[in-house]
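Asker: What follows is a predicted structure for the sequence shown.
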Amino acid sequence: MNLKVKDSDKKARKKDAIIESAVIIFSTYGYNGTRLEQITDELNMTDKSIYYYFNSKGDLFIEAILSIQQQLNQLIKTINSKDCDYLTKITKYTNHAMSINGLTLLMQLPKSLADFSRYQEIKDHEDTQYKSWAGWFRKGQLEGSIIQGDPSEQRNFLFGSLFYLHQWYTIKDNESYAHIQPFVENMIDRMYSTQYNKIL
């Protein structure tokens, strides 16, 4: 491996480390309440060095959001490959998505960043992910695992509920989510399962 490749790998790892740190700090203090030095302090970097990788706090925030969305995109792809009914797919997706650090940042995208070059990329990911969720509800109704109703409304209600639960419990990792995971699974069954509603 030549020196240029090694240097490139090192820079990529440093950039990823900055984004990971930023997700945690932004999640704790919000976009407006976060100072770049809080992020660099966690990584023992100088304040100025962060500008080698990012032009501004706004650029870094957008990269943090995109990193979360990329995890969700991969999760959707994985769940779609599972051989199970669609209620189970939604539950599996929920169990994994709830443990992603920074999930609530997706509901805190400042409008002031709308002019940034990659802002539209975030909105495109958001639209695609929403369509995937609505598709699961629609297909679940056709196969019989999910009760009838407007798929988009079902998606939005569950989506919002999960975000507020995530924020309420200040979930930061798999361990902290574990204690409410059974509650969330039961909530999904009560709201959407045809089997649960038949028992009632």
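Answerer: Here it is on my side, so go on.
Asker: which helix in the protein runs the most residues?
Answerer: The longest helix of the chain (DSSP state H) is helix 3-33.
Asker: quick one: least confident helix or strand in the chain?
Answerer: Using mean pLDDT, DSSP states H and E, helix 174-178 stands out as the lowest-scoring helix or strand of the chain, at a mean of 62.
Asker: List the buried residues of the very next helix or strand once past that helix.
Answerer: Note on helix 174-178: by DSSP states H and E, the next helix or strand toward the C-terminus is helix 181-192. Neighbour counts over helix 181-192 (16 or more other Cβ atoms under 10 Å) mark Val184, Met187, Ile188, Met191, Tyr192 as buried. Every residue, glycine included, has its C-beta placed from N, CA and C.
Asker: Chain neighbours aside, what residue packs nearest to the second one?
Answerer: Distance criterion Cβ to Cβ, 6 or more residues apart in numbering; nearest residue to Met187, sequence neighbours excluded, is Ser161 at 7.4 Å.
Asker: The third one too?
Answerer: Spatial nearest neighbour of Ile188, chain neighbours left out: Thr91 (5.4 Å); criterion: Cβ to Cβ, 6+ apart.
Asker: same deal with the fourth one?
Answerer: When the adjacent residues along the chain are set aside, Met191 lies closest to Leu158, with 7.0 Å between them (Cβ to Cβ, 6+ apart).
Asker: what about that neighbour, which helix or strand?
Answerer: Using DSSP H and E, Leu158 falls in helix 151-168.
Asker: Distance from the chain centre to that helix, please.
Answerer: Its chain's C-alpha centre and that of helix 151-168 lie 12 Å apart, by Cα atoms, centre = their mean, to the nearest Å.
Asker: and it, C-alpha only, in CSV?
Answerer: Extracted in CSV, the C-alpha atoms of helix 151-168 (Å, rounded to 0.1, in the frame of the first residue of the first chain):
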residue,chain,number,x,y,z
PRO,A,151,-50.8,3.2,5.1
SER,A,152,-49.3,6.7,5.1
GLU,A,153,-51.2,7.7,8.3
GLN,A,154,-50.2,4.4,10.0
ARG,A,155,-46.6,5.0,9.0
ASN,A,156,-46.6,8.6,10.2
PHE,A,157,-48.2,7.7,13.6
LEU,A,158,-45.8,4.9,14.3
PHE,A,159,-42.8,6.9,13.0
GLY,A,160,-43.7,9.9,15.3
SER,A,161,-44.4,7.6,18.3
LEU,A,162,-41.0,5.9,18.0
PHE,A,163,-39.1,9.2,17.7
TYR,A,164,-40.8,10.6,20.8
LEU,A,165,-40.2,7.4,22.7
HIS,A,166,-36.5,7.5,21.6
GLN,A,167,-36.2,11.1,22.9
TRP,A,168,-38.2,10.5,26.1
